[in-house]
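# missing the sequence, but the structure's below:
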């Protein structure tokens, strides 16, 4: 009987076998299988050797994978980590023009959180803005804050002054609308006017609106230089009184006279706040130069009657004479003196003048340019600001020390943000017009410089700071780690070859060593090249799912 069953089974097998007697391979069980990689789960654990199977945008199986994938990737010798999360992105407008975000993906970033300056549309249009990005397609996942100053400008314009009770109600209504549309929270850039015209009391009121929807208060603080501790204190106060989570954007000790002292004290201040229950943390980029508009060298009182009036004032020789005295005397109430913080005009470097007359001096200090032209450095800076209009002339401010960067990187609650936008074309500077290497290389540099070279972080902790920790902070509980069932955002890199490559002089060079990047299970970077795929998702804040949002007509 056993012989008869075996014979019958053999007969069926022979009937099903294709011509030539070779059986057809079974259909792939998975979309992608990554084999033989050193798996870093994103949660700080040491790597393990494991295969990863991906199906329908999720991690389907981890371990030894028997079934095939439609696409097989041999990651032998490489590390396989969750996709990297940029906690301080500037791509809100750029993605409307080009959704590929190639500079971000090529450095391993799969998720970007933008909005330091708000959304590129008013609060009433945010829902449609998200839908447009979804229709056009984006290559990475994207979420954004809404700016409190953006709400203020819709009601008051760009002038100084406290809002009336009626105006404050209008400002709060815009924040409420933005939160219901899916903003992650409210952001401030308090070093710049008109953001700088907002009081702590006003910000607490607005933060309470965002907190009602589970939002976050994120801030480029009033001062990152001599008054760093006071600025952190304001952020902590807002967090405590509004009952809201606080994120400090691009943390730094940007004050040469205080190197080695201010940053440790700032860490102690934040640790103390966390110990008493304030949910405050920070992100940072890993360069000694910050980058921003040269208009920051103008004390903020010049802009109190609005930008256009301020530009006219800046042409007045009598106004300039006063401003030069103020720069020489240091920071003042409502203005952080980045010239002093950098140690003088010889540490302020022209990055983009938007004017051929001055762009021939790109990457030269303002002091050097002034000597070549026989002018005062302040006059050169402000002439460049005026000549760039309607663009914003950009500078590099060398304000930070490597020792302070290392100190801050070690804090367990520190994550990574680039303060840079997506490029709009191959090898172009980012959309905000600032040629800074952080736009192309910030994330690989964390590993190349601070894991491999300086030994500031372990590889496991560096990956945690770029994956599970920022995902937890942003309440992205469906991604940020490699675990069965989670969204399959993946960065595959070779640690030995990983190199940030971009420099201040050549800021648009792509990094080496990032071989494959997957977003929601789809290959976007394949052997170092962008595939053109746009599988990214819009990441909406919790307010979009609130009862109030469901009741709002769309």
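Right, received. Where do you want to start? Everything numeric in this text was worked out from a predicted model, so none of it was measured. Residues are numbered from 1 along each chain as shown.
# buried ones in the longest helix along the chain?
The residue-count maximum for a helix in the chain (DSSP state H) belongs to helix 165-181. Neighbour-count burial for helix 165-181 flags 168, 171, 172, 174, 175, 176, 177, 178, 179, 180, 181 (criterion: 16 or more other CB atoms under 10 Å). The way it works is simple: take the backbone N, C-alpha and C, and place the C-beta from them, glycine included.
# before we move on, what about stretch 448-467?
Within stretch 448-467, the residues scored as buried using 16+ other CB under 10 Å are 448-451, 456-457, 459-467.
# out of those residues, who's nearest residue 115?
residue 466 (19.2 Å; CB to CB).
# rewinding a little: closest one of the buried residues of helix 165-181 to residue 149?
Closest to residue 149 out of those is residue 171 (9.6 Å), distances taken as CB to CB.
# and residue 380, what is it in contact with?
Taking CB atoms under 8 Å, 6 or more residues apart in numbering, we find residue 380 in contact with 366, 369, 370, 373.
# For the stretch 51-200 of the chain, just list every one of the helices.
With helices called from DSSP state H, counting those that start in this stretch, the stretch 51-200 of the chain shows them at 94-97, 102-106, 126-136, 148-156, 165-181, 200-212.
# now swap in the stretch 251-400 of the chain and tell me
262-275, 307-314, 317-329, 338-342, 356-359, 366-373, 377-388.
# Quick check: which ranges of the chain have low pLDDT?
Residue ranges of the chain with pLDDT under 70: 1-24, 550-554.
# how about a cut-off of 90?
1-26, 329-336, 425-434, 546-554 (pLDDT under 90).
# hang on, the earlier thing: out of the helices of the stretch 251-400 of the chain, nearest to residue 120?
helix 307-314 (17.7 Å).
# which other residues reach the closest one?
Where contact means CB under 8 Å, 6+ apart, the residues beyond helix 307-314 that reach it are 158, 193, 298, 302, 303, 304, 319, 320, 382, 385, 386, 389.
# same question, stretch 408-417
Here stretch 408-417 makes contact (CB under 8 Å, 6+ apart) with 84-89, 113, 249-253, 263, 267, 270, 274, 281-286, 442-443, 446, 450, 456-457, 465-466, 469-470, 473.
# now the angle from the longest helix of the chain to helix 200-212?
Counting by axes from the mean of the first three to the mean of the last three CA atoms, to 10 degrees, helix 165-181 lies at 30 degrees to helix 200-212.
# what residues does helix 165-181 touch?
With CB under 8 Å, 6+ apart as the test, helix 165-181 has contacts from 119, 122-124, 126-127, 130, 146, 148, 150-152, 154-156, 163, 185-186, 202, 205-206, 209-210, 212-213, 215, 540-541, 543-544, 546, 548-549, 552.
# hmm, which of those residues are the buried ones?
Neighbour-count burial (16+ other CB under 10 Å) is assigned, among the contacts of helix 165-181, to 119, 122-123, 126-127, 130, 146, 148, 150-152, 155-156, 163, 185-186, 202, 205-206, 209-210, 212-213, 215, 540-541, 543-544, 546, 549.
# could you point out the longest strand in this structure?
strand 30-39 (DSSP state E).
# what packs against that one?
Strand 30-39 sits against strand 48-55, strand 58-63, strand 69-74, strand 79-82, strand 490-493, with contacts defined as 3 or more CB pairs under 8 Å, 6 or more residues apart in numbering; DSSP states H and E.
# strands paired with the first one, and their directions?
Strands that pair with strand 48-55, judged by DSSP bridges, come out as strand 30-39 (antiparallel), strand 58-63 (antiparallel).
# how big is the angle separating the first one from strand 69-74?
Spelled out, it's strand 30-39. Per the same axes, to 10 degrees, the angle that strand 30-39 makes with strand 69-74 is 20 degrees.
# Please state the offset of strand 30-39 from the chain centre?
Its chain's C-alpha centre and that of strand 30-39 lie 28 Å apart, by CA atoms, centre = their mean, to the nearest Å.
# Buried residues, it. List them.
Under the neighbour-count criterion of 16+ other CB under 10 Å, strand 30-39 has 30, 31, 32, 33, 34, 35, 37, 38, 39 buried.
# next one: the last one
Neighbour counts over strand 58-63 (16+ other CB under 10 Å) mark 58, 59, 60, 61, 62 as buried.
# Need the residues you listed in a markdown table (columns: distance to residue 394).
Formatted as a markdown table, the buried residues of strand 58-63 follow (distance: CB to CB, whole Å):
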| residue | distance to residue 394 |
| --- | --- |
| 58 | 41 |
| 59 | 41 |
| 60 | 45 |
| 61 | 48 |
| 62 | 44 |
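# Was I right to think residue 281 contacts residue 247?
Yes - distance between residue 281 and residue 247: 6.3 Å, which falls inside the contact criterion (CB atoms under 8 Å).
# between these two, which one's more packed in?
Between residue 281 and residue 247, counted using other CB atoms under 10 Å, the more crowded position is residue 247 (28 against 22).
# and the helix or strand containing the more buried one, how far out from the chain's middle?
Using DSSP states H and E, residue 247 sits in strand 245-248. Chain-centre distance of strand 245-248: 14 Å, with CA atoms, centre = their mean.
# Stretch 378-385 too?
29 Å.
# what's the answer for stretch 470-477, then?
The answer for stretch 470-477 is 14 Å, by CA atoms, centre = their mean.
# Over to stretch 492-512?
What separates the centre of stretch 492-512 from the centre of its chain is 18 Å, taken as CA atoms, centre = their mean.
# now the end-to-end length of that stretch.
Taking CA to CA, to the nearest Å, stretch 492-512 runs 12 Å from one end to the other.
# Mind listing what's buried along that stretch?
492-493, 498-502, 504, 507-508, 510-512.
# Take those and write them to a markdown table, including distance to residue 223 and secondary structure.
Formatted as a markdown table, those follow (distance: CB to CB, whole Å; DSSP: H, G, I helix; E, B strand; the rest coil):
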| residue | distance to residue 223 | secondary structure |
| --- | --- | --- |
| 492 | 40 | strand |
| 493 | 36 | strand |
| 498 | 35 | coil |
| 499 | 35 | strand |
| 500 | 29 | coil |
| 501 | 33 | coil |
| 502 | 29 | coil |
| 504 | 25 | coil |
| 507 | 27 | coil |
| 508 | 31 | coil |
| 510 | 35 | coil |
| 511 | 32 | coil |
| 512 | 37 | strand |
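# In a markdown table, list the residues you listed along with distance to residue 415.
Shown next, in a markdown table, are these (distance: CB to CB, whole Å):
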| residue | distance to residue 415 |
| --- | --- |
| 492 | 21 |
| 493 | 18 |
| 498 | 19 |
| 499 | 22 |
| 500 | 18 |
| 501 | 23 |
| 502 | 21 |
| 504 | 24 |
| 507 | 23 |
| 508 | 25 |
| 510 | 23 |
| 511 | 19 |
| 512 | 24 |
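# Go through the residues you listed and name the one nearest residue 533.
residue 492 (15.6 Å).
# wait, what's in contact with that closest one?
Contacts of residue 492 (CB under 8 Å, 6+ apart): 34, 37, 73, 75, 78, 79, 80, 81, 514, 515, 516, 517.
# Reformat the helices of the stretch 51-200 of the chain as a markdown table; add distance to residue 328.
Supplementary listing: the helices of the stretch 51-200 of the chain in a markdown table, determined by distance: least, CB to CB, whole Å:
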| stretch | distance to residue 328 |
| --- | --- |
| helix 94-97 | 38 |
| helix 102-106 | 39 |
| helix 126-136 | 44 |
| helix 148-156 | 29 |
| helix 165-181 | 37 |
| helix 200-212 | 29 |
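# Nearest approach to residue 220 belongs to which of these?
Nearest to residue 220, of all the helices of the stretch 51-200 of the chain, is helix 148-156, at 10.8 Å by CB to CB.
# Run through the bridge partners of residue 522.
Residues in beta-bridge contact with residue 522 (DSSP bridges): residue 519.
# how many neighbours does it have?
Other residues near residue 522 come to 19 when the count uses other CB under 10 Å.
# Just list the residues touching it, thanks.
57, 533, 535.
# For those residues, which single residue is the most surrounded?
In terms of neighbours by other CB under 10 Å, these top out with residue 535 at 21 neighbours.
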